[in-house]
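S.K.: structure for the following, please:
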Amino acid sequence: MTLGEKIQKLRKQQGLSQEALAEKVAVTRQTISKWELGQSTPDVDSIAQLSNIFSVTSDYLIKEDLTEPEELPYKKRKYCLSERGKRTILVLFSAASLVAIYTCLVCDHFTSEKLSWSLISAAAIAAAWLVILPSLTAKRNIILKTLIAASIVPIPLLAIFALLLGRPLIFTMGTCIALVSIIAVWVIYRIFCKCHKKLWMALGYALLVMIPTPIAITYIVSCFIPDIMQNMTSNIFNSGITLVLSLVCFGMNDLFSRKKEAQQK
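M.R.: Residues are numbered from 1 along each chain as shown. Model (predicted):
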């Protein structure tokens with residue numbers, strides 16, 4: 001059974017029209033029709049939403065050899081946060097952020113009669129709000145938009161920290177570290193997008209990406225602060241552990257692939 005056939009079958013079992021399903025997934029009715037006819041396929045975010053709406057796993061939707069949800073080792077509990085729920089969480093989170101910022105400013109003013117550490121706290125809270133905002137407002141590509149926000153926000157935040165503390169090193173060194181971390185996160189995101197059907201393999205490659213990342217960060221710190229010596233023993237040990245975990249993930253992927261081939265024979 002193809003992905004489109006499964007979507008159509010599950011939609012009808014739920015008593016949903018194409019328009020109703022399209023509203024839940026935040027796409028057009030024509031998109032749902034194309035999915036069911038096999039003219040196009042849903043992206044990763046849409047697959048996740050469909051699995052929640054239909055209370056099945058993503059594997060059941062993606063793998064054509066799984067024809068019944070009962071064949072799966074488990075069944076997802078149906079849970080899909082509504083737009084009203086997202087708005088409520090956004091309002092509560094925004095209110096909590098404003099209260100936290102106001103509290104910091106008031107405490108700082110009455111304890112030291114000037115604003116110092118409270119400005120740093122306020123900037124950090126505002127940055128956290130900006131990063132979380134896409135996950136509560138976006139209707140599609142939530143992970144992608146959240147990653148974009150998380151990639152943009154750190155640089156100006158570091159500039160604010162450097163300005164408030166009067167230490168340019170915070171911006172220069174922090175920016176280099178942030179860029180290395182952002183590149184690593186985006187590479188891992190692309191790995192999971194490409195290998196979403198083989199999660200063990202994706203996890204193995206993601207762990208491989210994590211091996212050079214802390215080494216690069218340690219090297220950057222030592223370049224800006226020469227007094228800090230690199231702990232090569234620690235780096236080698238951590239890299240070795242990460243490599244072993246990566247090999248275990250590849251082994252698990254191979255094991256499940258062989259098991260799947262055996263079941264098909």
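
S.K.: domains of this protein?
M.R.: When the chain is parsed with automatic domain parsing, its domains come out as 3-71, 82-166, 179-265.

S.K.: who's sitting farthest from the centroid in the chain?
M.R.: Relative to the centre of the chain, and counting by Cα atoms, centre = their mean, the farthest-placed residue is Glu113 at 41.1 Å.

S.K.: gap between Ile188 and Ile220?
M.R.: 19 Å (Cβ to Cβ, to the nearest Å). Bear in mind the C-beta positions are built from the backbone N, C-alpha and C, glycine included.

S.K.: before we move on, the earlier item: so the residue farthest from the centre of the chain versus Ile120, what's the distance?
M.R.: Taken as Cβ to Cβ, the span from Glu113 to Ile120 is 17 Å.

S.K.: same question, Leu16
M.R.: For Leu16, the distance to Ile120 equals 49 Å [Cβ to Cβ].

S.K.: again, but for Lys6
M.R.: The gap separating Lys6 from Ile120 is 51 Å, by Cβ to Cβ.

S.K.: more neighbours: which of the two?
M.R.: Neighbour totals were compared for Lys6 and Ile120, and Lys6 leads with 23 against 17 (other Cβ atoms under 10 Å).

S.K.: right, and the more buried one touches Tyr60 too?
M.R.: Yes. Contact criterion Cβ atoms under 8 Å: Lys6 and Tyr60 qualify, at 7.3 Å.

S.K.: enumerate every residue touching the nearest residue to Lys139 once chain neighbours are set aside.
M.R.: Once flanking residues are discounted, Lys139 sits nearest to Ala26: 3.6 Å by Cβ to Cβ, 6 or more residues apart in numbering. Going by Cβ atoms under 8 Å, 6 or more residues apart in numbering, Ala26 touches Gln49, Lys139, Arg140.

S.K.: of those, buried ones?
M.R.: Among these, those classed as buried by 16 or more other Cβ atoms under 10 Å are Gln49.

S.K.: so of the contacts of Ala26, which ones are in helices?
M.R.: Gln49 (DSSP state H).
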